[in-house]
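Undergrad: can't give you the sequence, but here's the structure:
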């Protein structure tokens, strides 16, 4: 296969392989400094913001500048499908924009990742397969209106809202991604393509690229271990149980099922520009350390031409 030619992109990684925002006990003993130092050592240009990162923007800027890193994207959980949470969600999004506006780095990041966690079950100790939320018409309407509103606020400040489909939420499957894209304003609401969540939910990341390339402004390169996903003992497992069992891994890991050459070739064909961010929520104290997986992914992407 010819090398991938995605020239106007930057390669980043999330800190979830070191410390997990959803399940803080995974990597609770790993300090922020180790995480960002190993991210730089592995050869990445940036990282997203984790729960152990400094909340003082000047301290964050100094720590990242020391290592030549930029912020790939901050995160905001939205709750538009929950009555009474609209104003609080908008306020949290505005605070995140204020914070991002003060970050510095070689790459000036303007994307803010969001996912609707209203009615989400991914943090609950219940079955993913049996309990996934399905939005009502009123909830879809509330979500679309809320996303359009904060997306409009983002555009006014030269930011872009990128929506992240996520297991255990109301926007999980490829069909639900299609619905969200249909119901929201393309000028204000963009898509964060997460290859792992889409693949795990039975979707085809390449088909999503072909259908929504104009909306894709940010990409998470996440891999899924098919053997873990299909394990009969996990048929009624929770999201946390899947994570602890090793459902996620990085590009380049041969135990993963996502075809990254096909994904990246599709992005190249559609002339994607922006961040390509490796992500894999894993137990950092598993058989191999986080730095191993970070280097594995970065070396693999280099071999593909990135």
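TA: Yes, it's here. Every value quoted in this text rests on a predicted model; they were computed, and no experiment measured them.
Undergrad: need the longest helix for the chain.
TA: Longest helix of the chain, by residue count under DSSP state H: helix 137-156.
Undergrad: elements contacting that one?
TA: strand 75-78, helix 86-101, strand 111-116, strand 160-163, helix 174-183, strand 189-194 (3 or more CB pairs under 8 Å, 6 or more residues apart in numbering; DSSP states H and E). Where you see a C-beta, it was placed from the backbone N, CA and C, and this is true even at glycine.
Undergrad: Format those as CSV; extra columns: distance to residue 278.
TA: Shown next, in CSV, are the helices and strands packed on helix 137-156 (distance: least, CB to CB, whole Å):
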stretch, distance to residue 278
strand 75-78, 16
helix 86-101, 21
strand 111-116, 15
strand 160-163, 16
helix 174-183, 21
strand 189-194, 11
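Undergrad: Where does the residue nearest to the spatial centre of the chain sit, in terms of helix or strand?
TA: What sits nearest the mean C-alpha location of the chain, by CA atoms, centre = their mean, is residue 220, with 5.1 Å. Element membership for residue 220, per DSSP states H and E: strand 216-221.
Undergrad: so that strand versus strand 189-194, what angle?
TA: 20 degrees (axes from the mean of the first three to the mean of the last three CA atoms, to 10 degrees).
Undergrad: just checking, what packs against whichever helix or strand comes after strand 216-221?
TA: Using DSSP H and E, the next helix or strand after strand 216-221 towards the C-terminus is strand 223-224. Here strand 223-224 touches helix 195-200, strand 248-249, going by 3+ CB pairs under 8 Å, 6+ apart.
Undergrad: can I get these in JSON lines with mean neighbour count?
TA: JSON lines is the format used below for the helices and strands packed on strand 223-224 (neighbours: other CB atoms under 10 Å):
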{"stretch": "helix 195-200", "mean neighbour count": "25"}
{"stretch": "strand 248-249", "mean neighbour count": "24"}
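Undergrad: Between these, which one is closest to residue 31.
TA: Minimum separation from residue 31 across the helices and strands packed on strand 223-224 (CB to CB) falls at strand 248-249, 22.3 Å.
Undergrad: what's that closest one in contact with?
TA: Outside strand 248-249, the residues that touch it by CB atoms under 8 Å, 6 or more residues apart in numbering are 196, 222-225, 255-256, 279-282, 293.
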